[in-house]
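[1] sequence plus predicted model, see below.
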Amino acid sequence: MAGPLDGIRVLDLTSVVLGPYATMLLGDLGADVVKVEPPEGDSMRFAGHQRHPAMGSISLTLGRNKRSVVLDLKAPGAGEALHALVRHADVVVHNVRPEPARRLGLDYESLRPVNPLIVHATALGFGDGGPYSGQPAYDDLVQGLSGAVGLMERQAGEPRYVPMVFVDKTTGMAVAAAVLAALVHRERTGEGQAVTVPMFETMSGFVLVEHLADATFDPPAGPPGYARVLSPFRRPYRTADGHVCALPYLDKHFSALFEVVGRPELAEDPRFATLAARVANIDEVYEVVEGLMTTRTTAEWLGALRAGGVPCAPVNRLEDLLEDPHLEAVGFWETVEHPTEGTLRQPRLPWGFSANVAAPARPAPDVGAQTEEVLREAGLSPGRLAALRKVGVFGPN
């Protein structure tokens, strides 16, 4: 059965993780994603183990449900091929900074005359009009600027990056959402439009959902920062043989927790008796619970806490996550037979649609594997393809 975006063609001119993750999601939803990349391929093709050149492990996930077209956008004649693709697309996504995008003819002003109905999405580091506008941006830089590194410092005692490409993936989801909103707008009005999603502003808003806190008021009622999650004691609890995550939150959870640990009198302690009291004494709450948890094993605590209705979970390392019984039971993993890379394991899109059943993933393509196929669909004749190939539009002859 076709996905909800069946019939939508996305021209993906992005690189690294942010844009490719956004277009991967659109492809997972059924869009026909055409990845346009330079002759050497997207740089992420070389990240992780490679059984064959330019087929690195990370790109095998980011590149699924896509077709690959090679275009050297700096070659004479590349504009003809690009415009043919744009005329037959619903969406263009790129993450090229504004000035280079104009030079390459990727900006909205250049592409709108080619296809007035196009949804043109740009992922960039910073919005227009500010002192950072036009500067390069990467995940680590925006983690630092957006307060994420500072939050890690408050927890860990020194500045640290979140150990994942946190900004790229979060902003990538925002790009996908913005594209879907623009497609709905086009369906209602018949208008294409330009969409911009800046990394810094997106992440700043993401961080400040809870951490604006008492600085929401003008003048501020207190400093920014959500005290409960910034407590240095907010961490998995050490048990006799490992760690456990537990989040007693409601009054009934705390009563049950104190009962389970054999300290029911603590439920009447004024510091812990109400939610407001616990928020005001959050460090003591975590410290008291932490001191009680080393007396039993992780398995014993999980059994006791679950029996008492206290929300809890084990700590999964990455290796554990690969074998998690819930993920296995719900069909989270998909086995993909790749024509050159062999058997692959990849996570499925976990969103469910009652009217659509996800088709098996299309394996990630080799660099330029569908160049002629896609350009023929876009109306270029064999003669024009040969002429463009001769002048290097598809890379060195």
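    Okay, I see it.

[2] outline the domain layout of this structure.
    9-206+329-390, 237-314 (automatic domain parsing).

[3] rank those by pLDDT, which is bottom?
    With a mean of 89, domain 237-314 has the lowest mean pLDDT of the domains of the chain.

[4] from memory residue 13 sits against residue 89, does it?
    No - applying CB atoms under 8 Å, one finds residue 13 not in contact with residue 89, separated by 10.5 Å. Where C-beta positions appear, they are placed from N, C-alpha and C, glycine not excepted.

[5] which of the domains of the chain sits most buried?
    For those, average neighbour numbers computed from mean count of other CB atoms under 10 Å are highest in domain 9-206+329-390, which has a mean of 18.

[6] which residues touch residue 256?
    248, 308, 309, 310 (CB atoms under 8 Å, 6 or more residues apart in numbering).

[7] and which of those is nearest to residue 268?
    Among the contacts of residue 256, residue 248 lies closest to residue 268 (CB to CB), at 15.4 Å.

[8] I figured the closest one hits residue 289, correct?
    Yes - at 7.5 Å, residue 248 counts as touching residue 289 under the criterion of CB under 8 Å.

[9] so what sits against both of these two?
    With CB under 8 Å, 6+ apart as the test, residue 248 and residue 289 both reach residue 257.

[10] next one, pLDDT for residue 1 please.
    Value listed for residue 1 in the pLDDT field: 64.

[11] again, but for the one 5 residues further on
    We have a pLDDT of 95 for residue 6.

[12] ok, which of the domains of the chain comes nearest residue 212?
    Residue 212 sits nearest to domain 9-206+329-390 of all the domains of the chain, at 9.4 Å, using CB to CB.

[13] how far away from the center of its chain is the closest one?
    The chain centroid and the centroid of domain 9-206+329-390 are separated by 11 Å under CA atoms, centre = their mean, to the nearest Å.

[14] how about residue 67, nearest residue that isn't a chain neighbour?
    Counting by CB to CB, 6 or more residues apart in numbering, residue 67 lies nearest to residue 370, which is 3.9 Å off, once chain neighbours are set aside.

[15] from residue 344, how far out is the one you found?
    19 Å (CB to CB, to the nearest Å).

[16] residue 209 now?
    Residue 209 is 35 Å from residue 344, by CB to CB.

[17] contact partners for the residue lying closest to residue 379 once chain neighbours are set aside?
    Counting by CB to CB, 6+ apart, residue 379 lies nearest to residue 84, which is 5.8 Å off, once chain neighbours are set aside. By CB under 8 Å, 6+ apart, residue 84 lies in contact with 375, 378, 379, 380.

[18] show me what contacts the last one?
    By CB under 8 Å, 6+ apart, the contact list for residue 380 reads 80, 81, 84, 388.

[19] please convert the residues you listed to CSV, extending it with secondary structure and distance to residue 192.
    Listed next are the contacts of residue 380 as CSV, based on DSSP: H, G, I helix; E, B strand; the rest coil; distance: CB to CB, whole Å:
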residue, secondary structure, distance to residue 192
80, helix, 21
81, helix, 21
84, helix, 17
388, helix, 26
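
[20] show me which pair in those residues is furthest apart.
    For the contacts of residue 380, the farthest-apart pair by CB to CB is 84 and 388; their separation is 10.0 Å.

[21] if we can go back for a sec, out of the domains of the chain, nearest to residue 230?
    So among the domains of the chain, domain 9-206+329-390 is nearest, using CB to CB, at 5.4 Å.

[22] could I get the phi/psi values of the residue nearest to residue 17 when sequence neighbours are not counted?
    Distances taken as CB to CB, 6+ apart place residue 168 nearest to residue 17, at 4.0 Å, with adjacent residues excluded. Residue 168 has phi and psi values of phi -60, psi -50 when expressed as degrees, to the nearest 10.

[23] then residue 56?
    Given degrees, to the nearest 10, the pair of backbone angles that residue 56 has is phi -70, psi 160.

[24] so what's it up against?
    Counted by CB under 8 Å, 6+ apart, residue 56 has contacts 44, 45, 46, 47, 48, 49, 50.

[25] contact partners for the residue nearest to it when sequence neighbours are not counted?
    The shortest distance from residue 56 to any non-neighbouring residue, by CB to CB, 6+ apart, is to residue 48 (4.3 Å). Counting by CB under 8 Å, 6+ apart, residue 48 makes contact with 56, 57, 58, 59.

[26] alright, I will stop here.
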